[in-house]
Every structure is written in structure tokens, then in C-alpha cells.
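In: The sequence isn't on hand, but the structure is:
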Ligand code: FO1
């Protein structure tokens, strides 16, 4: 069996732990197609937060509390940069993490595409799944905001909105800069064409999954492909399990509940994405027209619980 997972962020990384555990049980192969909209250059280094969260989490090197960056991290470089007053001071790179960005940036500067760099980095971490960026091209999520006391709008990078402003400034919309010209990374369309099932991780639908689907041809390969598509709700009982999905959903005018997010994805039978939608037991009454809705505990407390979620998702189709 071949499983393709569309994923982003810490929710995606934790979900993939369960997908990998399930896959090991049944002898399946897993490909993760990961969001790059969060990527940015900081202090001259290319940082790919979602790819790194997945790589470190599956490789056993992630910080368990923060969910991002490396376990056992130290922050000497950050302090030194702050002593120079080097901006952005609101975005911290740990010393261990910086080694990843140095290798990545050196390889990118040398002409390797991000997909090849990701594969090279993964030889160290052995994530046990095939890890792919959604695209090798530049695709960055920017956020159109206005200052609290003015009505002048400006666009800032997603990380500035998320980390510096904690999504707490007047926000108008998200823009996936570069999306129109982006092409799916090598192997992504083939993985989708030969998938037996596509899972949409319980990642932020607005800023993690949407930028993946914004790559021209990628959404069509999912919705027009042979494999059934099952999503897992990132919302339990009207609240985001982690992160700030509630703020992002408010910006796009979608109700922060399991039915709202299911409706945002829509049914594959009527031009949307999903055949199945897995929600938490407390949301079992959620209705998404044209989609088979099932329920199972969705708290990713450990690998076994998460693998059980994956099994329940697959049983829907
Ligand atoms: N999140 C923060 O809240 N503060 C940071 O300084 C920060 C730095 C950082 C560096 C590398 C990295 O891979 C992730 C980092 N994150 C940081 C997490 C990141 O902003 C987001 O959680 C993800 O992009 C959302 O998926």
C-alpha cells in the first residue's frame, strides 16, 4: 500500500509519526508532501520550518515541548546576533538547528533543488517516510495586515505575523507569493498518481494545507487521481488542537469547527478535496455534504494513539 500525506507544521509532523507506525505494521510506504509557505531566509540562511519539524520529529531530534527546532538546543549564535542588534530579533535560530540551515543554504547556493537538499538532509535523520517539499520553487505565505491605528495595508511574511505579532493584528488575507509559477517538486505528481490513499494531516487548513494545494497541478493530481482522499480534522470541539488555526479560519471567514473545516475542503464529488473526513467523537454530528464523516479520538498523545487515528481514517474509504 502507498500512502501520501499532505502535511505542514507540528500537527503534520506528529500525525506522520502515527502514519509511519501504521505503515510499519502493514508494510506500507509513506510519502509526505510538505508545505513550504512558511519558509524564509533569515541571516542569509534558508529556513524550512515545516520540512524541519517533520524531519526532526520523525528522526527523533525535535524539541518535544516547543515542537519546532532541535532537542537539547543552545542559543549562543542568537545571543551574539542580538548583541549586534541584527534583525530579525523576533525569530530565533538555535545553534544545532543552524547547522541544518547552513548545509541547506550551501547546497541551494550550489544549485541543488530543495527536494534534493531535503533528501540529502534526510539521510542523516532517516525519517522512515519519503519527505518532499510541495515545490522546489519559491512559494511564500505572506499576510496582508494593517496597523491597529491606521488603515494602510501592507504584506508581511507569514513568520512575522505568526511569531512576532502572534496573529494578533488586524488581518485581511493570505497570499501565496509565487504560487502561480510554482511547479510540483519532482516525484510529487508520480507519488499522487500511484497512491492508494491520500491523507490530509490535521494541519492548519489555511496556512499549511492550502499553500500545498496552491501549487498548480497539485490539487488536480489529488482530486483527479485514483486514490481516495481522507482528511483528519485539526479542530476538536470547536477549538484548534494546537497553533492558531482559529485565527486563520477567522481571516478566511470559516467557522472554527470540524464541519467548517470539512466544508472548506469540500467534497471531491463536487469539485472539492475529500471523500472522507475524520472528526473527534464530540464532533460526530458534523455534516459535510458529499463526504463520509467518521469519528475517532483525535488527540495525538503518542504514536499508538495516532496510529489508531490513521487506521480509523483509512477505514472510512
Ligand atoms: N516559532 C516561534 O514561536 N519563535 C521562534 O523564534 C521560532 C523560530 C523558528 C526557527 C526555526 C524553525 O524551524 C521554526 C521556528 N519557529 C519559531 C516555529 C515556526 O514559526 C512555526 O511554528 C511554524 O512555521 C508553523 O508551522
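Out: Arrived safely, thanks for sending. Keep in mind that what you see is a predicted model, and the values were worked out from it rather than measured. Residues are numbered from 1 along each chain as shown.

In: Now residue 32: phi and psi?
Out: Dihedral pair for residue 32: phi -110, psi 120, per degrees, to the nearest 10.

In: Domain map for this structure?
Out: Using automatic domain parsing, the domains assigned to the chain come out as 2-137+180-315, 140-179.

In: Could you say which of those domains is packed most deeply?
Out: domain 2-137+180-315 (a mean of 19; mean count of other Cβ atoms under 10 Å). Using the backbone N, CA and C atoms, a C-beta is placed for each residue, glycine as well.

In: tell me the contacts of the closest residue to residue 128 other than its chain neighbours?
Out: Distance criterion Cβ to Cβ, 6 or more residues apart in numbering; nearest residue to residue 128, sequence neighbours excluded, is residue 20 at 5.0 Å. By Cβ atoms under 8 Å, 6 or more residues apart in numbering, the residues touching residue 20 are 30, 58, 127-129.

In: Can you tell me the element residue 20 falls in?
Out: Using DSSP states H and E, residue 20 sits in helix 9-26.

In: Which of the three states applies to residue 278?
Out: Under DSSP: H, G, I helix; E, B strand; the rest coil, residue 278 falls in the strand class.

In: And it, how far from residue 229?
Out: Plainly put, residue 278 is 12 Å away from residue 229 if you go by Cβ to Cβ, to the nearest Å.

In: ok, back up a step: for the contacts of residue 20, give me TSV that also has distance to residue 4.
Out: Listed next are these as TSV, based on distance: Cβ to Cβ, whole Å:
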residue	distance to residue 4
30	8
58	16
127	15
128	15
129	10
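
In: among the residues you listed, which are in reach of the ligand?
Out: Residues of those in contact with the ligand (Cβ under 6 Å from any ligand atom): none.

In: Now that we're looking at residue 148, what pLDDT does it have?
Out: At residue 148, the pLDDT value in this model is 69.

In: cool, and residue 241?
Out: Looking at residue 241, its pLDDT is 82.

In: Can you tell me the closest non-neighbouring residue to it?
Out: Residue 241 sits nearest to residue 234 (Cβ to Cβ, 6+ apart), 5.9 Å away.

In: Contacts only, for that neighbour.
Out: Taking Cβ under 8 Å, 6+ apart, one finds 11, 202-205, 240-241, 243, 245, 261 in contact with residue 234.

In: Same question for residue 288.
Out: Residue 288 sits next to 259, 262-263, 265-267, 274, 277 when contact means Cβ under 8 Å, 6+ apart.

In: do the same with residue 39
Out: Contacts here follow Cβ under 8 Å, 6+ apart; on that basis residue 39 touches 46-51, 139-140.

In: rerun that using 10 Å as the cut-off
Out: Neighbour list for residue 39: 46-52, 114, 133, 138-141, 157-159, 211 [criterion: Cβ atoms under 10 Å, 6 or more residues apart in numbering].

In: Quick one: name the residues of this structure near the ligand.
Out: 9, 38, 47, 49-50, 52, 68-69, 91-93, 97, 159, 162-163.

In: how far away is the closest residue to the ligand within the stretch 151-300 of the chain from residue 40?
Out: The stretch 151-300 of the chain approaches the ligand most closely through residue 163 (4.3 Å), counting by Cβ to the nearest ligand atom. Distance of residue 163 to residue 40, given as Cβ to Cβ: 10 Å.

In: Mind listing the shared neighbours of the two?
Out: Taking Cβ under 10 Å, 6+ apart as the criterion, residue 163 and residue 40 both touch 49, 88, 91, 157.

In: ok, of the residues you listed, which one's closest to the ligand?
Out: Closest approach between the shared contacts of residue 163 and residue 40 and the ligand, by Cβ to the nearest ligand atom: residue 49, at 3.4 Å.

In: surely that closest one meets residue 57?
Out: No - assessed by Cβ atoms under 10 Å, residue 49 is found out of contact with residue 57, at 11.9 Å.
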